[in-house]
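> the sequence isn't on hand, but the structure is:
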């Protein structure tokens, strides 16, 4: 694996504070993996771990929300600007384990890393997407074009169903559930799956400095001891987690 | 390049560039990115006698041109290091330091006894840990306390011994002199600077331990001053670290008196940064027609 300094292919706003950046990348990428992204001007120090949103041929795209100085700076990049890119990192989703009917449940910015998985699974996956409100929705049409069923939930009911996405999933229909989003949402889903004896994979987000397993900033407590979200994760079998 | 070759502590380093403890794991992750034999050396992740799972809560926080960490010495313990990590580290064909911390004297002694029987090249002694038997004050704050622990470790340690000095020491020249008098073969400085971050929204400290260690380019001017102070005081080699990002920073540390340097936080920013630093350093030596690093060492 090499640290690349590459040119930005595109960087467009797709929703409120949410951007999609794309760049050329040659090697194989698994859904659920991430890259460490950084501008090359040293305007901020640590690279930012950003999950891959989609892969099209040799173009990889990242969908991110402006959260602080780093993502703000990244959002200001234009086509052909320099970008430091390092990845793909983490385990990603193991497609061999996603057998039978799959429910993909995403919440907020946690929806972003699920698109490429949805694309690869196709119609055998149903998608349940939870957004804060209509204004903060993004890439719904893309999910609709790949998935079997696509259920949209907004907290305020300004689009689709009203309330929390976890309440609109027909869990019993599925062999496997995959989720990414706020921890409280993933915890609820993991608990429901545990009761119903459905396999559940969660993709976790943690602060990290290096992204390769050296800094130990992204530790996740599991039943078999500390694991690193960047290396053994970010995708975990929910039964492993405490 | 022959000029880069550096002799210190009775060891021969290919070049003065060493990977700093806590920023490089046990090398494995970086060995997937580049050939680690280009390095002068590697300091292992900070070890303790028993395994530690580290701190709860937020462990990292970025600051302007720096970062804070409160990892809490998460590590597999000395035994696991010796059985699982060291054999692989030794294949990297570079000098391997075992970085050892402790929370009481016995921790250090036990750890040293175990490391004595291995083929690790040297020990880097972390004296920044709180001493649980004297109210939690770190061993490395008072020179007299540091002198005691270092001289006792020295008596039993069969490996070349480098003591890592904390910038939180009461007096850096005194501390450097105390470590030298206690028999250290070298000193490394600086460890992270105790710092703090506050989350004003939740009205609480960011870190569970309230204080955390600051590193990165923002600490470099302080590190440089401390290396300079120590170099004026002692004759043993100094391994300078603190915010080194490029070859120019390395030259500055050497001019301040360092024999070796360590790359820390920069490993997170660009995992193969050591390649750039070593190449640029060679280029500088060439361009400036430097015949030996001694020509520029401690010239300030």
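Thanks, I have it. For clarity, every value in this text was computed on a predicted model and none was experimentally measured.
> every contact and neighbour count from this point should use C-alpha atoms.
OK.
> pull up the residues of chain A that are close to chain B.
A:1-3, A:44-47, A:207-218, A:226 (Cα under 8 Å from any Cα of the partner chain).
> residue contacts, residue B:275?
residue B:38 (Cα atoms under 8 Å, 6 or more residues apart in numbering or on different chains).
> what residues sit buried inside the longest helix seen in chain A?
Assignment by DSSP state H gives helix A:183-196 as the longest helix of chain A. Across helix A:183-196, burial judged by 16 or more other Cα atoms under 10 Å in any protein chain shown covers A:183, A:185-187, A:189-190, A:193.
> cool, and stretch B:290-299?
Quick answer for stretch B:290-299 (16+ other Cα under 10 Å): B:293, B:296-298.
> what does that stretch rub up against?
Contacts of stretch B:290-299 (Cα under 8 Å, 6+ apart): B:3-4, B:228, B:231, B:254-259, B:285.
> give me that answer again for 10 Å
Here stretch B:290-299 makes contact (Cα atoms under 10 Å, 6 or more residues apart in numbering or on different chains) with B:2-6, B:16, B:227-228, B:231-232, B:251-259, B:282, B:284-285.
> just the residues you listed: which are in helices?
Using DSSP H, the contacts of stretch B:290-299 in helices are B:227-228, B:231-232, B:251-256, B:282, B:284-285.
> just to check, residue B:158 is in contact with residue B:117?
Yes. If you go by Cα atoms under 10 Å, residue B:158 and residue B:117 touch, sitting 8.8 Å apart.
> more neighbours: which of those two?
A side-by-side neighbour count of residue B:158 and residue B:117, using other Cα atoms under 10 Å in any protein chain shown, places residue B:158 first with 15 against 11.
> OK, contacts around the more buried one?
By Cα under 10 Å, 6+ apart, the contact set of residue B:158 is B:112-113, B:115-117, B:122-123.
> got a pLDDT number for the residue sitting furthest away from the middle of chain B?
In chain B, residue B:201 marks the outermost C-alpha relative to the chain mean, sitting 34.9 Å out by Cα atoms, centre = their mean. For residue B:201, the pLDDT comes out at 95.
> and it, that's in a strand?
No. Per DSSP: H, G, I helix; E, B strand; the rest coil, residue B:201 lies outside any strand segment and is coil.
> how far away is it from residue B:279?
Using Cα to Cα, to the nearest Å, residue B:201 is found at 45 Å from residue B:279.
> go on, residue B:239?
Between residue B:239 and residue B:279 the distance is 20 Å, computed by Cα to Cα.
> who has more neighbours out of the two?
Taking other Cα under 10 Å, residue B:239 and residue B:279 do not tie; residue B:239 has more neighbours (26 against 13).
> tell me which residue is most central in chain A.
residue A:113 (2.4 Å).
> got the domain boundaries for chain A?
Chain A breaks down into these domains under automatic domain parsing: A:3-89, A:95-203.
> pLDDT below threshold where in chain A?
Nowhere does chain A drop to pLDDT under 70.
> what's the longest strand in it?
For chain A, the strand with the greatest residue count under DSSP state E is strand A:3-15.
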